[in-house]
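K.L.:
My questions concern the predicted model and sequence given below.
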Amino acid sequence: MDPERWRQVERLLEAVQERPSDEWDAFLRDACVNDDALERETRSLLTAQQRLGDFLESSALDVTARALASEQLSHARNSTEALIGQTVSHYRIVEQLGAGGMGVVYTARDIRLQRFVALKFLSDDATRDSGALNRLQREARAISALNHPNICTIHDIGEHDGRFFIVMEHLDGETLRQRLSRGRLDPAPLLALGIEIADGLDAAHTAGIVHRDIKPGNVFITRGNHAKILDFGLAQSNSADRSEDPLTAAGLVWGTADYMSPEQAGGRPLDARADLFSLGIVLHEMATGARPVAGARAGVDVPPALGRLIGRCLEQDRERRIMRAADVRAELQRLTRDAESGAVVRSARSRRAGWTLLGAAVAALAAMAAGSMYPRPTPRLTETDTVVVADFTNATGEPVFDEMLRQGLAVQLRQSPFLRLASDRRIQQHLRLMGQPADTPLTPMLARELCERNGSEVVIDGSIARLGTRYVLGLQARHCATGAVIDDEQAQAATKEDVLDALSGLATRFRTRVGESLASVDRHSTPLAEATTSSLEALKAYSTGRKLNFSVGPAASAPLLERAVALDPEFAMAHASLGITYSNLGESVRSMESTTRAYQLRDRAGDRERFFIATMYDRQVTGNLERERQTLEAWAQTYPRDPDPHGLAAGFALTGTGQYRRAIDAAEKAISLDPDLAPAYPSLAFSHLYLDRLSDAEVTIQ
């Protein structure tokens, strides 16, 4: 029997012995439905162990498996020890972190970016199997695209002396397995970590990736008490491209026996529900310190509401099992909200430290006693908070949604006088400071880092995926400093053409959830198809053109804006943007034509965009600077947190009419709202010059 077959039999034997003996026959039949030989081998070893009883301290299988494992580990150690101190590609290997069946992991220093990373060299068996190697490389590429705060990031892949390696994020902390060795978790960290694990799995499943080895050893807890899912080395990509081979052959069992779903133990085809079964076991272990007893829904230490959720995860029949990681996350969030409200507390007299429901009379006492146990309620946004919008995760495979959904959401949210979004120019500036190209995709992880860097409060990331013929959109808002979820919305669209309406609904619900009044939402909420265009292709061209304008320049953006108005001649904001672009390129006649057309179509835009279009019309076409100033005043009154009307007023509207002191006031107001609003500084400097305030002008220029 080859080593892999031994490991397969060993895992199945352990899984059988975890169950009561009266369940062995049924479990083996289910687990080995596609492999009669595996069932015979396992049954024979079970029989042998029962006959031997305590005669031997270890079974022959245990002795053989341990010998094989020891031999393989010794070989791996001898073949990789020499790597310490060497430079592989541009990674200098510092020390070995650990070794397992899939390979050896090292700490290394990235010489180029001056940061620590983790290098995982695959085992010799995986490297020798060219088919497995190709599949592992393909899965590494797929997983590297996830970029989720609760998934260990894959930075790079490579090959050294014929051995394949993966470069991963270097983490500081401990695994959940190490944490559980000190006992079960209190309710607050259990719920917080459970939410993050489910969130990471939801992102992977949305991208079509099944982990297949969820267990405490593959969940890392950082110093900041955030969860990171590790080791997608056994992951399976449920690609829509059926020409790709699955990661492993049918009937071959991968994973860890103690955490396998019945279908995984039997080598049957898997989907996301296999991970949810494993997650149920992990949640039980976090709550009680032990894995659940076979056949029981949950241990006696598990509070009833959490026990019901775990029971739904542990359904043997996956058709009756909870369907999505997002549903697990939502239920854990509901439990967290119950805890925050004081409805759920720990009782000193409860059975085995379980949770009980208490009356309102002790709610205040519970809140004080649970100060370190439960996270504080998430506050609503205030007038000083700023929001960063990340790119949407597009799992549909349809490029039309790239860029477009983020831009569409930004248009919707900018209709709000209550919210303030981090401007594209501010994002571009911080990307440059981070050494990132200006056109770098704003992944959820990168957006969260930007959110922290520029002092914003909330980061929003969205997703879109196919569910049969329908489209499912998700929107999640987090505090960028703590990672706490403040809103989590989903919507479905029956057709591609309905996606913009679904996105409008998500944006409206978000605005009310974070504190904007219903009256304000009703007054400033033009549906996206009316505020921009009903053409997805036109909105994509417009979105890409705007991004290129900020990252490359007007010459690069003009063709895309021209395509947007060709696809939808009534796209008002595309005409307005094209007018500005032509002006920046020195094409004044074409600028006037586009700006005039935008003004004629201004009713096909949101409130804020109508102010912008009217401003540009008077500045570019009529030259009526007094009316422009009046428009800008109305804009500033309606949107008091928007720096743009003040910045524009400080320019032509006031300096062009000799109102230099008012121009200084407008420029200073704009800069106070957005210190990165570059055009406000020359307006301020020129106004000082016109008033012979040379020292003030010099300070402004500096």
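P.N.:
Arrived safely, thanks for sending.

K.L.:
so what pLDDT did the residue nearest to residue 524 when sequence neighbours are not counted get?
P.N.:
Leaving aside its sequence neighbours, residue 524 sits nearest to residue 415 (CB to CB, 6 or more residues apart in numbering; 4.8 Å). Just so you know, the C-beta spots here come from the backbone N, C-alpha and C atoms, and that holds for glycine as well. Looking at residue 415, its pLDDT stands at 88.

K.L.:
For the closest residue to residue 173 other than its chain neighbours, which residues are in contact?
P.N.:
Residue nearest to residue 173 in three dimensions, not counting chain neighbours: residue 222, with 4.3 Å by CB to CB, 6+ apart. Applying CB atoms under 8 Å, 6 or more residues apart in numbering to residue 222 gives the contacts 171, 172, 173, 228.

K.L.:
From those residues, list the buried ones, please.
P.N.:
Among the contacts of residue 222, those classed as buried by 16 or more other CB atoms under 10 Å are 171, 173, 228.

K.L.:
In what element of secondary structure is the first one found?
P.N.:
Take DSSP states H and E as the rule and residue 171 turns out to sit in neither a helix nor a strand.

K.L.:
Give me the three-state assignment for the residue most central in space within the chain.
P.N.:
Among the residues of the chain, the one closest to the centroid is residue 148, at 3.9 Å (CA atoms, centre = their mean). Going by DSSP: H, G, I helix; E, B strand; the rest coil, the secondary structure assigned to residue 148 is coil.

K.L.:
Nearest spatial neighbour of it, chain-adjacent residues omitted?
P.N.:
In space, residue 148 is closest to residue 203, 4.2 Å off (CB to CB, 6+ apart).

K.L.:
So the one you found is in contact with residue 153, correct?
P.N.:
No - the criterion here is CB atoms under 8 Å, and residue 203 misses it with residue 153 at 12.0 Å.

K.L.:
who's more crowded, those two?
P.N.:
residue 203 (26 against 19; other CB atoms under 10 Å).

K.L.:
State the helix or strand in which that one lies.
P.N.:
Here residue 203, judged by DSSP H and E, is contained in helix 187-206.

K.L.:
After that helix, which helix or strand is next?
P.N.:
Heading C-terminal from helix 187-206 (DSSP H and E), you reach strand 209-210.

K.L.:
how far does that next one sit from the chain's center?
P.N.:
Centre-to-centre, strand 209-210 and its host chain are 15 Å apart (CA atoms, centre = their mean, to the nearest Å).

K.L.:
List the pairing partners of that strand within its sheet, with orientation.
P.N.:
strand 236-237 (antiparallel) (DSSP bridges).

K.L.:
quick check: mean pLDDT across the partner strand?
P.N.:
On average, strand 236-237 scores 57.

K.L.:
ok, the closest residue to residue 684 other than its chain neighbours - how many residues close by?
P.N.:
Leaving aside its sequence neighbours, residue 684 sits nearest to residue 667 (CB to CB, 6+ apart; 3.8 Å). Using other CB under 10 Å, residue 667 has 29 other residues around it.

K.L.:
What of residue 524?
P.N.:
Using other CB under 10 Å: residue 524 sits among 19 other residues.

K.L.:
And residue 567, by the same measure?
P.N.:
Around residue 567 there are 18 residues (other CB under 10 Å).

K.L.:
all strands for the stretch 401-550 of the chain, in order.
P.N.:
Ranges of strands in the stretch 401-550 of the chain, per DSSP state E, counting those that start in this stretch, are 458-467, 470-479, 485-493.

K.L.:
repeat for the stretch 151-300 of the chain
P.N.:
154-160, 163-169, 173-175, 209-210, 219-222, 227-229, 236-237.
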